[in-house]
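Q: dropping a prediction and its sequence here:
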Amino acid sequence: MILSFSITCKLAVQHKVADPLRTGMKTVSRRNWSDAHANKWLNAYRSGKHLHSCWSNAPFVHGACYLGQIHLSCEPYQEMLIDMPESDLVREGGFWQSREDFIRDIGKDNPYKILWVVRWDKFFLAN
């Protein structure tokens, strides 16, 4: 399975900081997946597939590059943005000052938006 980190990569460039995925700061991502796509991730996790590829953008996008692999620390799950722990602001890359800022940027001002949460405990940098 593949996760693309186009927003994270763009924000790192915009803020002139090292990519938080590569530095190990980013250890969680929220995704607006369809049920079918989420089920693929759940089935992979449940069958013991916990390593997944990371790309700077979708692999078919010109200029996208392979970043490495993540090792999932738990099964992906759904969560409303309003229920996101404040500590996840750093784990999401550290670009937001408050949960409200994150909700405004990611949830389009809908604190009750439900997203899939993907957590990992290890990132293996590509050579």
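A: Great, that's in hand.
Q: helices or strands up against the lengthiest helix in the chain?
A: The helix spanning the most residues in the chain, taking DSSP state H as the definition, is helix 35-46. Helix 35-46 is packed against strand 114-125, with contacts defined by 3 or more Cβ pairs under 8 Å, 6 or more residues apart in numbering; DSSP states H and E. For glycine as for every other residue, the C-beta is placed from the backbone atoms N, C-alpha and C.
Q: ok so, going back, in the very next helix or strand once past the longest helix of the chain, which residues are buried?
A: Heading C-terminal from helix 35-46, the first helix or strand you meet, by DSSP states H and E, is strand 51-55. For strand 51-55, a neighbour-count test (16 or more other Cβ atoms under 10 Å) marks His52, Cys54, Trp55 as buried.
Q: which residues touch the last one?
A: Listed by Cβ atoms under 8 Å, 6 or more residues apart in numbering, the contact partners of Trp55 are Ile2, Leu3, Ser4, Phe5, Ala64, Cys65, Tyr66, Leu67.
Q: which of the residues you listed lies closest to Leu89?
A: Here the nearest of those to Leu89, counting by Cβ to Cβ, is Phe5; it sits at 16.8 Å.
Q: thinking that closest one is in contact with Cys54, fair?
A: Yes - in this structure Phe5 lies within contact range of Cys54 using Cβ atoms under 8 Å: 6.1 Å.
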